[in-house]
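Undergrad: pasting the sequence and the predicted coordinates here, then a few questions.
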Amino acid sequence: MFDLANFNLLHTLKFPQDLRKLNEEQQKNLCWEIRQRLIRTLSSTGGHLASNLGAVELTVALHTVFDLPQDQIVWDVGHQSYTHKLLTGRLKNFSKIRQEGGISGFPRPSESEYDAFIGGHASTSVSAAYGLAKAKTLTGDRHHVIAVVGDGAFTGGMVYEALNNAGRSGDRLIVVLNDNHMSISESVGSLARYLAEKRTTQGYAQLKDTVEQALLKIPLVGNTARDMIYNSKALLRQTIYHSNMFEDFGFDYLGPVDGHDIPLLVQTFRRAKALEKPVLVHINTIKGKGYPYAEKNPSTFHGVGKFDYESGELKPSSENFSSVFGQELVRLAQEDDRICAITAAMQGGTGLDGFAKQFEPKNRFFDVGIAEEHAVTFACGLAAGGMLPVFAVYSTFLQRGFDQLIHDAAIEQQHVLLAVDRAGLVGDDGETHQGMFDAAFLSQIPGTTVYSPATFADLRYAMQKALYETDGLVAVRYPRGGEPTFSPKLPEEPAEWLHLKYGGETLVISYGREFGEVYRAAQSLAERGKPVDLLKLHQIAPLPEACIALAKRYRTILFVEEGIRSGGIGEHFLSRLSDAGYIGRMTIQAVENPFLPQMSVASALHRCGLDSDTLEEQIAALYF
């Protein structure tokens, strides 16, 4: 036997097994301890705070009712899985969450058997969970699979595709809608909560099943009577909840349930488990619960850097590519009524707060939710109607709209500007968020122009060129964070490319943020008496003809890029040189393994051989 103290449960109990031994008061104390651990840890490391604070009781209840890892949870999006990690053997390493050598900020099956499926992008969990549940059915495994989905993910169409397929499958699939935004109006809220509690009690469930079976035994009228009662109940539910959508998909619907009431959650999940069929459990939670600053400003504390625990004050952010993009877009839009901005639920992250404040009242700002595919085609429609649409999106999420880029944008050359944020290495969010592919896949799309600025001045120049001097689909891609430091400074006037001649016979070519590393390496080599010439590409697709002719004059070329090597810009450049009859030597230094785990950008650059020190030695080896 073990002694259950009122506090320090998180550090003294064996989880998740001992959760079932806690009484209601101890469960509340455990949730308080978890919240304190979340707040204090993330104040030092940064991470996704508000969403995890809202999911504490939900996670405790799930681990109380279900037998993990035989039962499986798929988290959507995985950044709400921090409590799950604390309860599944990762407490000791939690202080290094999202840090190199620590644990991921997202579910990672290679990290723990309790992580059923990766979860870095939204709206995917129901599809994955349905696949896992179907596999259990096919192999005779009677355990359950649970998909935990935030209400924001329901703005993505993939959720509905999965619900449509899974609802009438008969598999042991439970979808938990973690609703931290929508609410039932005050006039019906009490009644709805009362009915939700009654519908999840075991007594109600047994009575419902008994009555249904009794009705079916009545000759001739049994089915009719049952259907009449069912339809009457459905009408009442539709009146109260305003929607019967989930039951239309074939799911049994339980809720809405208070997502911070553990006994009610446990009761509800037990009922869902007993049904042994597709069930949707609708819970209401408060994002940021337990930390007043996060409750008041949940969007600010969604994904945060380091902050002061006592005051809730965030470290002031310095000027970065996202903020400069946002400021420049506002300036341009003030002069041109055709400019519209689109975001896929990433207004703050993409620097569009200022644009939204000024232009949303004028119906020129659109947050389409987590629906990147729709965002691309919507932008194409705006362009076809004579507007100048700008879709600001993280590189990793733009991948989801690849078909639309080809079919809806490229074929008819709609003039759409993609502002591709977080291009290249992103650091602490790890493999699900690295922006390694955009330069490669965008450069493959016919008629697409791609700019990759290295400085803020380059970015402003690229936006002007993209909107007013470039036809068709055009992308301006830029990294997370600030601009590199150049000493001595680069020439002030940006252009499609910049050739820096130091008298060397070796040419090093790069673009974007990575050019800063190349530049530092070149300066150090010059001090060692080994000068090399540099070529900074600003327009990386299509490659400027003048750059091919220029590079052809050099005996040795090193192409360095912060992106995937296979199909990347370096390979395009090499192909063009070969077509031009180049007979010298060209080497490419790029990212061979794009699925880099969480670590700082500096550490990731070093691992990929893209930091200035490594490049200096590599270039020196090419010198003779």
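TA: Looks like it arrived, so ask away.
Undergrad: any idea how this structure splits into domains?
TA: The record's domain parsing of the chain by automatic domain parsing lists 9-180+247-293, 321-477, 497-622.
Undergrad: to residue 302, which of the ones you listed lies closest?
TA: Evaluated over the domains of the chain, closeness to residue 302 peaks at domain 9-180+247-293, with 5.1 Å, by C-beta to C-beta. To be clear about C-beta, it is placed using only N, CA and C from the backbone, and glycine gets the same treatment.
Undergrad: distance between the ends of that closest one?
TA: End-to-end distance of domain 9-180+247-293 (C-alpha to C-alpha, to the nearest Å): 26 Å.
Undergrad: now for the domains of the chain, which one comes closest to residue 308?
TA: The nearest among the domains of the chain, by C-beta to C-beta, is domain 9-180+247-293 at 6.8 Å.
Undergrad: so where is this protein shaky, pLDDT-wise?
TA: 1-7, 181-244, 623-624 (pLDDT under 70).
Undergrad: quick check: longest strand of it.
TA: Looking across the chain with DSSP state E, the single longest strand is strand 556-564.
Undergrad: please state the offset of that strand from the chain centre?
TA: How far strand 556-564 lies from its chain's middle: 28 Å, per C-alpha atoms, centre = their mean, to the nearest Å.
Undergrad: what do you get for stretch 250-270?
TA: That offset, for stretch 250-270, works out to 27 Å (C-alpha atoms, centre = their mean).
Undergrad: so who does the most centrally placed residue in the chain touch?
TA: Central residue of the chain (C-alpha atoms, centre = their mean): residue 121, 4.4 Å from the mean position. Contact analysis of residue 121 by C-beta atoms under 8 Å, 6 or more residues apart in numbering lists 77, 396-397, 400, 432.
Undergrad: do residue 338 as well
TA: Contacts of residue 338 (C-beta under 8 Å, 6+ apart): 386-388.
Undergrad: residues touching the residue nearest to residue 65 when sequence neighbours are not counted, list them.
TA: In space, and not counting its chain neighbours, residue 65 is closest to residue 269: 4.1 Å by C-beta to C-beta, 6 or more residues apart in numbering. Neighbouring residues of residue 269 by C-beta under 8 Å, 6+ apart: 61-62, 64-66, 174, 281.
Undergrad: what of residue 114?
TA: 68-69, 73, 84, 88-89.
Undergrad: repeat that for residue 608.
TA: Going by C-beta under 8 Å, 6+ apart, the list of residues near residue 608 reads 425, 562, 590-592, 596.
Undergrad: quick check: it vs residue 436, distance?
TA: Distance, residue 608 to residue 436, by C-beta to C-beta, to the nearest Å: 10 Å.
Undergrad: how about the strands in the stretch 351-500 of the chain?
TA: Along the stretch 351-500 of the chain, the segments classed as strands by DSSP state E, counting those that start in this stretch run 365-367, 388-394, 417-421, 449-451, 474-477, 497-500.
Undergrad: how about JSON lines for the ones you listed, with distance to residue 460 and mean neighbour count added?
TA: Converted to JSON lines, the strands of the stretch 351-500 of the chain look like this (distance: least, C-beta to C-beta, whole Å; neighbours: other C-beta atoms under 10 Å):
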{"stretch": "strand 365-367", "distance to residue 460": "20", "mean neighbour count": "19"}
{"stretch": "strand 388-394", "distance to residue 460": "14", "mean neighbour count": "25"}
{"stretch": "strand 417-421", "distance to residue 460": "12", "mean neighbour count": "28"}
{"stretch": "strand 449-451", "distance to residue 460": "11", "mean neighbour count": "25"}
{"stretch": "strand 474-477", "distance to residue 460": "10", "mean neighbour count": "28"}
{"stretch": "strand 497-500", "distance to residue 460": "16", "mean neighbour count": "16"}
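Undergrad: now do the buried residues in stretch 394-412.
TA: Neighbour counts over stretch 394-412 (16 or more other C-beta atoms under 10 Å) mark 394-402, 404-406, 408-410 as buried.
Undergrad: same question, stretch 155-172
TA: 155-156, 158-159, 162-163, 165-167, 171-172.
Undergrad: which one of those is nearest residue 510?
TA: residue 156 (35.6 Å).
Undergrad: hmm, the closest one is touching residue 123, no?
TA: Yes: here residue 156 lies in contact with residue 123, judged by C-beta atoms under 8 Å, at a distance of 3.0 Å.
Undergrad: what do these two both touch?
TA: Common neighbours of residue 156 and residue 123 (C-beta under 8 Å, 6+ apart) are residue 370.
Undergrad: what's in contact with whichever helix in the chain runs longest?
TA: In the chain, taking DSSP state H as the definition, the longest helix is helix 24-45. Outside helix 24-45, the residues that touch it by C-beta under 8 Å, 6+ apart are 4, 6-10, 19, 22, 47-49, 52-53, 56-57, 60, 82-83, 86, 94-99, 262-263, 289-291, 304, 306-309.
Undergrad: same check, this time on stretch 158-177
TA: With contact meaning C-beta under 8 Å, 6+ apart, stretch 158-177 is reached by 58, 62, 123-124, 126-127, 129-130, 133-134, 136-137, 142-149, 151, 153-154, 246, 249-251, 255, 269, 272-273, 276-283.
Undergrad: how far does it sit from its chain's centre?
TA: 22 Å.
Undergrad: end-to-end on that stretch?
TA: Start and end residues of stretch 158-177 are separated by 15 Å (C-alpha to C-alpha).
Undergrad: cool, stretch 97-104 as well?
TA: End to end - C-alpha to C-alpha - stretch 97-104 spans 6 Å.
Undergrad: give me the buried positions along stretch 494-513.
TA: Neighbour-count burial for stretch 494-513, counted by 16+ other C-beta under 10 Å, picks out 494, 496-498, 504, 506-513.
Undergrad: kindly export stretch 600-617 (C-alpha atoms) in PDB.
TA: Extracted in PDB, the C-alpha atoms of stretch 600-617 (Å, rounded to 0.1, in the frame of the first residue of the first chain):
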ATOM      1  CA  SER A 600      17.700  25.600 -31.400                       C
ATOM      2  CA  VAL A 601      18.100  26.900 -34.900                       C
ATOM      3  CA  ALA A 602      21.800  27.400 -34.300                       C
ATOM      4  CA  SER A 603      22.200  23.700 -33.300                       C
ATOM      5  CA  ALA A 604      20.200  22.600 -36.300                       C
ATOM      6  CA  LEU A 605      22.300  24.600 -38.600                       C
ATOM      7  CA  HIS A 606      25.400  23.000 -37.100                       C
ATOM      8  CA  ARG A 607      24.000  19.500 -37.400                       C
ATOM      9  CA  CYS A 608      23.200  20.100 -41.100                       C
ATOM     10  CA  GLY A 609      26.700  21.500 -41.800                       C
ATOM     11  CA  LEU A 610      25.200  25.000 -42.500                       C
ATOM     12  CA  ASP A 611      26.700  27.100 -39.700                       C
ATOM     13  CA  SER A 612      29.500  29.500 -40.600                       C
ATOM     14  CA  ASP A 613      32.300  27.600 -38.800                       C
ATOM     15  CA  THR A 614      31.500  24.300 -40.600                       C
ATOM     16  CA  LEU A 615      31.100  26.100 -43.900                       C
ATOM     17  CA  GLU A 616      34.400  27.900 -43.400                       C
ATOM     18  CA  GLU A 617      36.300  24.600 -43.200                       C
END
